[in-house]
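K.L.:
The sequence and its predicted three-dimensional model are supplied below.
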Amino acid sequence: MSELVQVTDEGPVRTVRMNRPEKKNALTLPMYDAMAAAIAEAGQNTALRCLLIAGTPAGFCAGNDIGDFLKMAVEGGALGQPILRFLYALARCEKPLVAAVQGNAVGVGTTMLLHCDHVVAGTDARFVTPFVGLGLVPEAASSLIAPRLMGRARAFSLLVMGRPLSAEQARDAGLINTVVPPDAVEAEAMKAATEIAALPPQGVLASRRLMRGEPDEVVARIDEEAELFKTRLTSAEARAAFEAFMMRKR
């Protein structure tokens with residue numbers, strides 16, 4: 001596993017932690033690979049009954065590493081295979097997914113939560129998806145799942161207009177389950193994961209399948225978004241947006 005992704009097993013719960021606090025947990029391609037592998041391996045381990053995805057107090061996830069984004073644009077716009085492996089792993093994961101969110105959840109930091117079954121967020125959490133503002137399109141099947149979860153109007157505001165959600169707004173929209181003080185997030189998320197892990201596993205599996213529907217539909221939307229993302233990543237709009245972003249960073 002990448003040193004930037006820490007994987008620990010505590011009894012029936014596997015924690016997959018993004019650990020790049022100096023970059024607000026912006027995800028690199030090796031980090032995507034490590035997270036995909038951790039999720040896939042958990043699926044083969046009958047002793048594990050729940051997965052917990054976490055970040056650090058510095059932030060849950062700042063989205064894709066801008067350097068990788070620019071490299072993908074130069075190389076023809078294709079989403080890196082590690083990104084797709086991670087998204088497929090989320091879509092096809094049959095173990096319950098819990099998330100512990102502190103601070104900012106940007107881009108994929110928000111859209112990955114749409115695949116989770118229980119999300120605990122701190123009062124300091126903020127959810128934003130700036131895809132269209134960067135000349136891109138939503139990913140992670142968010143264009144399919146978000147309208148179903150929160151309604152088309154709220155989904156449009158989040159995914160297209162890029163309007164951020166506070167923790168309370170995200171809870172009201174159905175994106176997250178519980179809001180607690182920042183220093184209580186990890187304990188509350190682990191409590192939920194342990195509670196889920198204690199349930200009869202086959203009952204959880206069957207119920208989860210009924211609620212989530214066919215993963216093939218989600219995977220098909222991931223692929224459709226990825227093709228559009230590839231086109232958009234090399235567009236004039238995206239190039240101008242990234243150049244403006246890099247200018248602001250200097």
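P.N.:
That came in fine, so what should we check first? Just so we're clear, the structure is a prediction, and the values are computed from it rather than from any experiment.
K.L.:
how about stretch 205-214: buried residues?
P.N.:
208, 212 (16 or more other C-beta atoms under 10 Å). Any C-beta I mention is one placed from the backbone N, CA and C, and that applies to glycine too.
K.L.:
For residue 97, list each beta-bridge partner.
P.N.:
In this entry, residue 97 is beta-bridged to residue 51, by DSSP bridges.
K.L.:
what's near enough to touch it?
P.N.:
By C-beta atoms under 8 Å, 6 or more residues apart in numbering, the contact list for residue 97 reads 50-51, 53, 90, 115-118.
K.L.:
residues of the helix or strand of the chain with the lowest mean pLDDT that come out buried?
P.N.:
Using mean pLDDT, DSSP states H and E, the weakest-scoring helix or strand in the chain turns out to be helix 66-74, at a mean of 72. Judged by neighbour count (16+ other C-beta under 10 Å), helix 66-74 contains these buried residues: 66, 68-70, 72-73.
K.L.:
Go ahead and confirm residue 128 touches residue 110.
P.N.:
Yes - if you go by C-beta atoms under 8 Å, residue 128 and residue 110 touch, sitting 6.7 Å apart.
K.L.:
Neighbour count: those two, which is higher?
P.N.:
A direct count of neighbours by other C-beta atoms under 10 Å for residue 128 and residue 110 places residue 110 higher, at 30 against 18.
K.L.:
returning to that earlier point: got the buried residues for the helix or strand that comes right after the least confident helix or strand of the chain?
P.N.:
Downstream of helix 66-74, the first helix or strand assigned by DSSP states H and E is helix 81-92. Within helix 81-92, the residues that count as buried by 16+ other C-beta under 10 Å are 82-91.
K.L.:
try stretch 186-196
P.N.:
For stretch 186-196, the neighbour count (16+ other C-beta under 10 Å) marks 186, 188-190, 192-194, 196 as buried.
K.L.:
Using TSV, lay out these together with pLDDT, secondary structure and distance to residue 37.
P.N.:
Shown next, in TSV, are the buried residues of stretch 186-196 (pLDDT from 0 to 100; DSSP: H, G, I helix; E, B strand; the rest coil; distance: C-beta to C-beta, whole Å):
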residue	pLDDT	secondary structure	distance to residue 37
186	98	helix	23
188	98	helix	27
189	98	helix	22
190	98	helix	22
192	98	helix	24
193	98	helix	20
194	98	helix	24
196	98	helix	22
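K.L.:
How far away from the center of its chain is the helix or strand hosting residue 111?
P.N.:
Taking DSSP H and E as the criterion, residue 111 maps to helix 108-111. Its chain's C-alpha centre and that of helix 108-111 lie 4 Å apart, by C-alpha atoms, centre = their mean, to the nearest Å.
K.L.:
go on, stretch 239-249?
P.N.:
Relative to its chain's centre, stretch 239-249 lies at 24 Å (C-alpha atoms, centre = their mean).
K.L.:
Cool, thanks, talk later.
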